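K.L.:
Below is the structure, and that's it, no one-letter string:
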């Protein structure tokens with residue numbers, strides 16, 4: 001991964017900065033999570049091992065910079081499996097797919113490489129389990145998100161989607177005592193809490209996952225914003241507009257009373273945002289590469305924010321292994337598993 005071209009001041013030095021010096025508070029953890037690193041590595045290794053073209057269903061992760069970079073290397077992004085020629089190799093994105101997509105792939109003799117994030121796969125497994133046990137399933141999330149589409153497809157006949165506490169009131173189920181809920185992995189913690197609380201009031205015996213579905217990276221990045229937002233006049237979140245977890249970071253900041261904006265890169269920064277601003281907190285959604293964070297921080301330095309202080313809220317050292325389709329292919333080529341690209 002590209003390293004930042006400056007030396008952030010340690011947290012310990014934070015209180016020693018001159019009161020008049022404009023500062024960048026660089027949040028950590030930020031940017032790529034383990035599932036995103038894994039998905040991007042899968043595409044790059046597939047291109048290196050099998051050669052172009054490699055087809056990818058939907059955006060491998062929700063970041064335009066990453067998608068464009070992989071397209072330049074030979075990846076072809078398609079909206080649906082039907083857009084992939086028969087017999088070709090296709091990669092499922094990190095957001096997962098429904099069983100119907102898997103069946104269509106099989107019918108087309110496509111050679112599938114599954115880059116679904118393991119934490120999304122966990123939610124799929126939970127959906128199947130609850131459905132087999134006779135539960136009505138409530139899926140908490142955003143209807144237009146790729147992840148929700150895939151999870152819903154596991155048990156569409158017994159699943160309903162809710163996106164707000166208000167929608168909970170309209171739910172109707174055959175047996176109020178046989179209801180379970182699951183959540184999208186990239187929701188705001190506050191958003192999920194409010195909806196789950198409404199569900200528990202309506203269905204006192206509702207079942208849920210053994211551990212929360214919201215992924216560690218989503219929670220950690222939101223916690224970092226929550227811990228630092230009160231020290232900032234402005235929060236800039238690097239990420240694409242279709243990135244759910246990036247949008248949630250902006251919401252966390254605004255809910256705490258600190259102005260926040262979602263930006264793709266430094267060109268999206270309106271200079272007016274920086275007027276009368278002393279401290280800017282910078283973070284990045286889980287699908288935003290560090291090179292874009294570097295771009296934003298360098299822009300801020302060039303515009304008077306001379307102090308850059310990296311504030312680590314908690315360590316993050318999660319890693320996921322590669323899928324068997326990649327491991328077997330590499331082994332068959334006699335090369336052994338390569339070191340991840342990032």
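P.N.:
Right, received. Where do you want to start? All of these numbers come straight from a predicted model, not from anything done at the bench.

K.L.:
Any figure for the gap between residue 205 and residue 183?
P.N.:
The gap separating residue 205 from residue 183 is 18 Å, by CB to CB, to the nearest Å. C-beta coordinates here come from the backbone N, C-alpha and C atoms, glycine included.

K.L.:
Of those two, give the one with the bigger neighbour count.
P.N.:
Using other CB atoms under 10 Å as the criterion, residue 205 and residue 183 rank with residue 183 on top: 22 against 10.

K.L.:
what sits against the more buried one?
P.N.:
Neighbour list for residue 183: 123, 139, 140, 141, 192, 196, 209, 212, 213, 214 [criterion: CB atoms under 8 Å, 6 or more residues apart in numbering].

K.L.:
same check, this time on residue 93
P.N.:
Contact partners of residue 93, counting by CB under 8 Å, 6+ apart, are 39, 56, 57, 58, 59, 60, 61, 115, 116, 146.

K.L.:
And for the first one, the neighbour number?
P.N.:
When you say that, I think you mean residue 39. Applying other CB under 10 Å, we find 30 residues neighbouring residue 39.

K.L.:
re the thing from before, farthest pair in the contacts of residue 93?
P.N.:
59 and 116 (13.6 Å; CB to CB).

K.L.:
Could you turn the buried ones of the contacts of residue 183 into a ChimeraX selection?
P.N.:
Listed next is the ChimeraX selection for buried residues among those, using 16 or more other CB atoms under 10 Å:
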select :123,139,140,141,192,196,209,212,213,214
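
K.L.:
helices and strands around the one helix or strand residue 91 maps to, which ones?
P.N.:
Using DSSP states H and E, residue 91 sits in strand 89-92. On a contact count with 3 or more CB pairs under 8 Å, 6 or more residues apart in numbering; DSSP states H and E, strand 89-92 meets helix 34-50, strand 54-57, strand 111-114.

K.L.:
and residue 240, which of the ones you listed is closest to it?
P.N.:
The closest of those to residue 240 is helix 34-50. By CB to CB, the value is 12.1 Å.

K.L.:
That closest one: which residues count as buried?
P.N.:
Neighbour-count burial for helix 34-50 flags 34-47, 50 (criterion: 16+ other CB under 10 Å).

K.L.:
end to end, how far does stretch 224-233 reach?
P.N.:
Terminal residues of stretch 224-233 are spaced 15 Å apart (CA to CA, to the nearest Å).
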